[in-house]
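**Student:** with the input below, show me the fold.
(chains A and B)
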Number of protein chains: 2
Amino acid sequence: MKATVHVTLKDGVLDPQGKAIGNALHGLGFGEVGEVRQGKLIELEIDGNDPEAAKARLDEMCRKLLANPVIERYAIEVAS
Amino acid sequence: MKATVHVTLKDGVLDPQGKAIGNALHGLGFGEVGEVRQGKLIELEIDGNDPEAAKARLDEMCRKLLANPVIERYAIEVAS
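**Tutor:** Numbering: from 1, shown residues only, chains lettered A, B, ... in the order given. Model prediction:
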């Protein structure tokens, strides 16, 4: 199965990288751009064919390694 | 409007960061994980109310700054 994990900073957490991207876009003439936030996108190939079980395991992976739950939130999608 | 840009490495481009994540997950006992690829997720706030126009501008932003079209592909989503 293919799984996708989106990891983004929680609201209120400063995002200097996103700010730098926003400033660079303004400098290039994209004045319509407001706030920019940068996150991570992790695509995983998972053995097995139970999407619910995979989701539970992915949640564990996020808590243990992929995301920092103190400052980041994550979303898991499993495409069977 | 809120827009999301997914930037991922093209197939065939080596992804050492994804490989490192995969190895770490194996080390933590997640043996069911196969290939892992890491990409970027960029969330932007865009002024205006024409999703088609915003999409065209975002495509320009991707080509000019957000992605490296030689090794990366990108997908744009606009939520009006």
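**Student:** thinking A:D59 is in contact with A:A75, fair?
**Tutor:** No. Using C-beta atoms under 8 Å as the test, A:D59 is too far from A:A75 to be in contact (10.6 Å). C-beta: built from backbone N, CA, C; applies to glycine.
**Student:** mind jotting down where the strands sit in chain A?
**Tutor:** Here chain A has its strands, by DSSP state E, at A:2-9, A:33-46, A:72-79.
**Student:** of those, which is nearest B:K64?
**Tutor:** Smallest distance to B:K64 across the strands of chain A (C-beta to C-beta): 12.2 Å, for strand A:33-46.
**Student:** check whether the closest one comes near chain B.
**Tutor:** Yes. Using C-beta under 8 Å from any C-beta of the partner chain, strand A:33-46 reaches chain B at A:33-46.
**Student:** could those residues be laid out in TSV, adding pLDDT?
**Tutor:** Below are these laid out as TSV (pLDDT from 0 to 100):
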residue	pLDDT
A:V33	97
A:G34	96
A:E35	96
A:V36	97
A:R37	97
A:Q38	97
A:G39	97
A:K40	97
A:L41	97
A:I42	98
A:E43	97
A:L44	97
A:E45	96
A:I46	96
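**Student:** out of those residues, who's nearest A:V7?
**Tutor:** Nearest to A:V7 among those is A:K40, at 4.3 Å by C-beta to C-beta.
**Student:** residues contacting the closest one?
**Tutor:** By C-beta atoms under 8 Å, 6 or more residues apart in numbering or on different chains, the contact list for A:K40 reads A:V5, A:H6, A:V7, A:T8, A:L66, B:Q38, B:G39, B:K40, B:L41.
**Student:** please pick the buried ones from the residues you listed.
**Tutor:** Buried by 16 or more other C-beta atoms under 10 Å in any protein chain shown: A:V5, A:H6, A:V7, A:T8, A:L66, B:Q38, B:G39, B:K40, B:L41, out of the contacts of A:K40.
**Student:** end-to-end on stretch A:14-34?
**Tutor:** Distance across stretch A:14-34, first residue to last, is 15 Å (C-alpha to C-alpha, to the nearest Å).
**Student:** which parts of chain A sit against chain B?
**Tutor:** A:6-8, A:18, A:21-22, A:24-25, A:28, A:30, A:32-48, A:54, A:57, A:60-61, A:64-66.
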